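>>> output the structure for:
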Amino acid sequence: AFLASIVSIGLLLALRFNPDNGKNLATRLGLLAGFGFFSGVSMGPLIAHVAAIDPSLIFTALGGTVVVFVSFSLSALYAEERSYLYLGGYLLSGLNFLLLTSLVNMFIGSIFVLEVQLYLGLAI
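Sure thing, here's the model as predicted:
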């Protein structure tokens, strides 16, 4: 799995430093497919470990991912053009606040700060 991760990072860097000039589409698609394959291979042991603990976690994660993806896709399809563009700054500020409070809470260890993070994260 470690070797597959290293190969995956190498393919990603090769894809990044192989600029698109219109003639190397097949090369770039091959690099992308290789990156996807080796990323999946490197996740195999992690998924096997999670399946050994609780197999329902894998299906729960898949279901959650599908729900979020479908929700965002439908939101993008049915929203008026650029009507949610103004939300980016507020959401990024909220996420930065959550990141900062989680870093501070690593040293403080307050249950109250954890609760604030939980409910504020749900609100965002």
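>>> work out for me the element the most centrally placed residue in the chain sits within.
Residue closest to the average C-alpha location in the chain (Cα atoms, centre = their mean): residue 65, at 9.9 Å. Using DSSP states H and E, residue 65 maps to helix 56-78.
>>> cool, residue 94 as well?
Counting by DSSP H and E, residue 94 is part of helix 87-108.
>>> which other residues reach that helix?
With contact meaning Cβ atoms under 8 Å, 6 or more residues apart in numbering, helix 87-108 is reached by 113-114, 116-117, 120-121, 124. Where C-beta positions appear, they are placed from N, C-alpha and C, glycine not excepted.
>>> nearest residue to residue 116 in space, please, no chain neighbours.
Once flanking residues are discounted, residue 116 sits nearest to residue 101: 7.1 Å by Cβ to Cβ, 6 or more residues apart in numbering.
>>> repeat that for residue 14.
Spatial nearest neighbour of residue 14, excluding adjacent residues (Cβ to Cβ, 6+ apart): residue 31 at 5.4 Å.
>>> contact partners for the one you found?
Under the criterion of Cβ under 8 Å, 6+ apart, the contact list for residue 31 reads 11, 14-15, 18.
>>> need the longest helix for this structure.
Secondary structure of the chain read by DSSP state H shows that its longest helix is helix 25-53.
>>> which secondary structure element contains the residue sitting furthest away from the middle of the chain?
Distance from the centre of the chain peaks at residue 23, with 30.7 Å (Cα atoms, centre = their mean). Following DSSP H and E, there is no helix or strand that holds residue 23.
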